[in-house]
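Participant: Kindly return the folded structure for what I paste below:
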Amino acid sequence: MLRIRRELVDEIVAHARRDHPDEACGVIAGPEGSDSPERFIPMLNAARSPTFYEFDSADLLKLYRELDANGEAPVVIYHSHTATEAYPSRTDANIAAEPDAHYVLVSTRDPEVHEFRSYRIVDAEITEEPVEIID
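Facilitator: Modelled structure (predicted):
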């Protein structure tokens, strides 16, 4: 189960809305070895695409160095889907490289309502998990 503060959910959704019609992406870091998302880190979708996302390799290297220096890990890896439901695509599953992370997807296909879902993805196998939003 993903337990996440409402303010972090709001930041993810706001980022997804800002970048629409392109997919948005980013990370929420937390203390290494914990399952506690704490620090919101929006990233640039280097693909600048409405159908897939890609972290810039230089940005990703900088991120992992920063996480390492701070004793943090990527607890949540998020991105948006702009025209489809919040379910990982085959490409999403194949590039998921953090077996301990929660993979969050937000659908922005409806301008009024968002869909927010979380998954565990290990060896390209997708398992949806419940989300508890903490006020």
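
Participant: Can you give me the pLDDT of Pro88?
Facilitator: pLDDT, Pro88: 98.

Participant: So it: helix, strand or coil?
Facilitator: With DSSP: H, G, I helix; E, B strand; the rest coil as the basis, the three-state label of Pro88 is coil.

Participant: contacting residues around it?
Facilitator: Each residue near Pro88 by C-beta atoms under 8 Å, 6 or more residues apart in numbering is listed here: Ala96, Tyr103, Leu105, Tyr119, Ile121, Ile126. All C-beta atoms are positioned from the backbone trio N, CA, C, and that covers glycine.

Participant: what helix or strand does the fourth one sit in?
Facilitator: Secondary structure assigned from DSSP states H and E places Tyr119 in strand 115-122.

Participant: okay, the residue sitting furthest away from the middle of the chain: pLDDT?
Facilitator: Distance from the C-alpha centroid of the chain peaks at Ala69, with 21.2 Å (C-alpha atoms, centre = their mean). Looking at Ala69, its pLDDT is 98.

Participant: Now do the contacts for it.
Facilitator: Contacts for Ala69 (C-beta under 8 Å, 6+ apart) come out as none.

Participant: Phi, psi for it please.
Facilitator: For Ala69, the backbone dihedrals are phi -60, psi -30 (criterion: degrees, to the nearest 10).

Participant: So it versus Lys62, what's the distance?
Facilitator: With the distance defined as C-beta to C-beta, to the nearest Å, Ala69 ends up 11 Å from Lys62.
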